[in-house]
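Q: Structural data only, the sequence is not supplied:
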């Protein structure tokens, strides 16, 4: 189901003036690595991205939180898919802050899991093997965000009961997410995060085009602001 930017903001319970202000400060994160809403070309999962960035801003600040949501889009989208498919009350998404004590190098790691406790994923083991130490973990319940978005949608007369993403392990999910050829929960060094964000955006453009039925370049309008983008 496609939504307008106005509908996405209402389902995410966010005010338009605040959205415009955050947009000017590069503090917006939507699905598929995007940083702006279209006026009439959005998906329900974009509202989840907005809410997730809002939640993580409590720990990282608005700018860094939005960047992390864009960089690790593959991971939290998988959490959305898993939560819907398995009707989970707790489909969790975690950002792990890492530090390598030998040289002070900082990095982030993302993972999704089906319980409030963090599962020791292979990527985490690899990071620890490289000498990184877990400094802190910030975890968000993606399932709760999805429930809030659906409740807000129902309040304004929208039926968003259908799954926001295809179920994991299905051919539909694999086809949609195929452009993500690199591990979505791989370690990202802080010094290289801008480069990884650019990569996430390029890949995300392809994935969004698939999700929207193969539509390519279009003009985005941002409530009195205009930007040109190839899907975002």
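A: On my side now, so go ahead. Here the structure is a predicted model, which is why all the values come from computation and not from measurement.
Q: residue contacts, the residue of the chain most remote from its centre?
A: In the chain, residue 102 marks the outermost C-alpha relative to the chain mean, sitting 31.5 Å out by C-alpha atoms, centre = their mean. By C-beta atoms under 8 Å, 6 or more residues apart in numbering, the residues touching residue 102 are residue 131. No exception for glycine: its C-beta is placed from N, CA and C like everyone else's.
Q: Please enumerate the helices of the chain.
A: Taking DSSP state H as the criterion, the chain contains helices spanning 5-11, 16-24, 44-60, 62-71, 73-86, 122-129, 142-155, 171-177, 193-211.
Q: among the ones you listed, which is nearest residue 95?
A: With C-beta to C-beta as the criterion, residue 95 lies closest to helix 62-71 of these, at 5.8 Å.
Q: Mind giving me the packing neighbours of the closest one?
A: Judged by 3 or more C-beta pairs under 8 Å, 6 or more residues apart in numbering; DSSP states H and E, helix 62-71 is in contact with helix 44-60, strand 105-113, helix 193-211.
Q: Show me what counts as buried in the last one.
A: For helix 193-211, the neighbour count (16 or more other C-beta atoms under 10 Å) marks 193, 196-197, 200-201, 203-211 as buried.
Q: of those residues, closest to residue 88?
A: Using C-beta to C-beta, residue 211 is the member of these that lies nearest residue 88, at 21.6 Å.
Q: That closest one contacts residue 176, correct?
A: Yes: counting by C-beta atoms under 8 Å, a contact exists between residue 211 and residue 176, whose distance comes to 6.1 Å.
Q: Now do the end-to-end distance for stretch 87-107.
A: Using C-alpha to C-alpha, to the nearest Å, the span of stretch 87-107 from its first residue to its last is 32 Å.
Q: any weak-confidence spans in this structure?
A: 119-126, 129, 182-185, 214-232 (pLDDT under 70).
Q: at 80 instead, please
A: Of all residues in the chain, those with pLDDT under 80 make up the ranges 39-40, 115-130, 181-186, 214-232.
Q: picking that back up, now the helices of the chain as CSV including distance to residue 32?
A: Listed next are those as CSV, based on distance: least, C-beta to C-beta, whole Å:
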stretch, distance to residue 32
helix 5-11, 13
helix 16-24, 17
helix 44-60, 8
helix 62-71, 9
helix 73-86, 6
helix 122-129, 21
helix 142-155, 16
helix 171-177, 10
helix 193-211, 3
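Q: To residue 38, which of those lies closest?
A: helix 5-11 (6.1 Å).
Q: List of residues touching the closest one?
A: Contacts of helix 5-11 (C-beta under 8 Å, 6+ apart): 3, 15-16, 19, 30, 37-40, 42, 44, 46-47, 50, 149-150, 152-153, 156, 158, 160, 221-223.
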